[in-house]
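S.K.: pasting the sequence and the predicted coordinates here, then a few questions.
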Amino acid sequence: MAFEFTLPDLPYAHDALQPHMSAETLEYHHDKHHAAYVTNANKLLAGSGLEDKDEITIIKESFGANPGLFNNAAQVFNHTFFFNGLTPDGGGAKMPGNLEAAINDAFGGFDKFREEFINAGITQFGSGWAWLALKDGKLQIMKTPNAENPYVHGATPIIACDVWEHAYYIDYRNLRPKFLEVFVDHLANWEFAAANLEAGG
Ligand code: MN3
């Protein structure tokens, strides 16, 4: 049976992340941007030869081979992953023990992880993503341009922050660094990250 990309509902109300992320941002980012990637990915999947593959295989096999399909398919995955990685009253140094231990092991502590993650997002020139990812059994920070994600670089995503301007411009205008700080301090769903680490580790 052919694969079909779908737009999942947000796992919280549109106004649930206020004041850190507005309902207006989520109305545009999920209901319009994410929805458009789903529509376009399904259009471009038809006739691509990858119709019968699973989502991650479609992403990996279209990378470098079918840029239109890759960009839309990866953005569908990236946005579902990003929205699942946000939660009201999230962020901060308090997190599940397995994640805390892995962060301490990889970065020497939460503060250094926080600094490196925020810096990755700030220094991603133009549109893209900041990631905490698992590669060769160890956590690392990654930044990727446009729709690229850890899967096409041999790694598994743990949590992500979207640094395309549409992710923060309504709430923070040009202040991408402030948005990244708010993500780490108030929005990141560490339970989601810990579950991804458990599944990938
Ligand atoms: Mn986005």
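M.R.: Arrived safely, thanks for sending.
S.K.: okay, now the unreliable bits of this protein?
M.R.: Applying pLDDT under 70 to the chain picks out residues 201.
S.K.: could you chop it up by domain?
M.R.: Using automatic domain parsing, the domain ranges for the chain come out as 23-84, 97-200.
S.K.: save these as a markdown table, and put in distance to the ion and mean neighbour count too.
M.R.: The C-beta positions use only the backbone N, C-alpha and C, and glycine is treated the same way. Shown next, in a markdown table, are those (distance: least, CB to the ion, whole Å; neighbours: other CB atoms under 10 Å):
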| stretch | distance to the ion | mean neighbour count |
| --- | --- | --- |
| domain 23-84 | 5 | 18 |
| domain 97-200 | 4 | 18 |
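S.K.: can I get the ones you listed in a markdown table with distance to residue 6?
M.R.: Output for the domains of the chain, formatted as a markdown table (distance: least, CB to CB, whole Å):
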| stretch | distance to residue 6 |
| --- | --- |
| domain 23-84 | 7 |
| domain 97-200 | 18 |
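S.K.: show me what the longest helix seen in the chain is packed up against.
M.R.: The residue-count maximum for a helix in the chain (DSSP state H) belongs to helix 67-84. Here helix 67-84 touches helix 35-45, helix 55-62, strand 156-162, going by 3 or more CB pairs under 8 Å, 6 or more residues apart in numbering; DSSP states H and E.
S.K.: nearest to residue 4, out of the ones you listed?
M.R.: Evaluated over the helices and strands packed on helix 67-84, closeness to residue 4 peaks at helix 35-45, with 6.2 Å, by CB to CB.
S.K.: now that closest one and helix 67-84, what's the angle there?
M.R.: Here the directions of helix 35-45 and helix 67-84 differ by 140 degrees (axes from the mean of the first three to the mean of the last three CA atoms, to 10 degrees).
S.K.: right, I'll leave it there.
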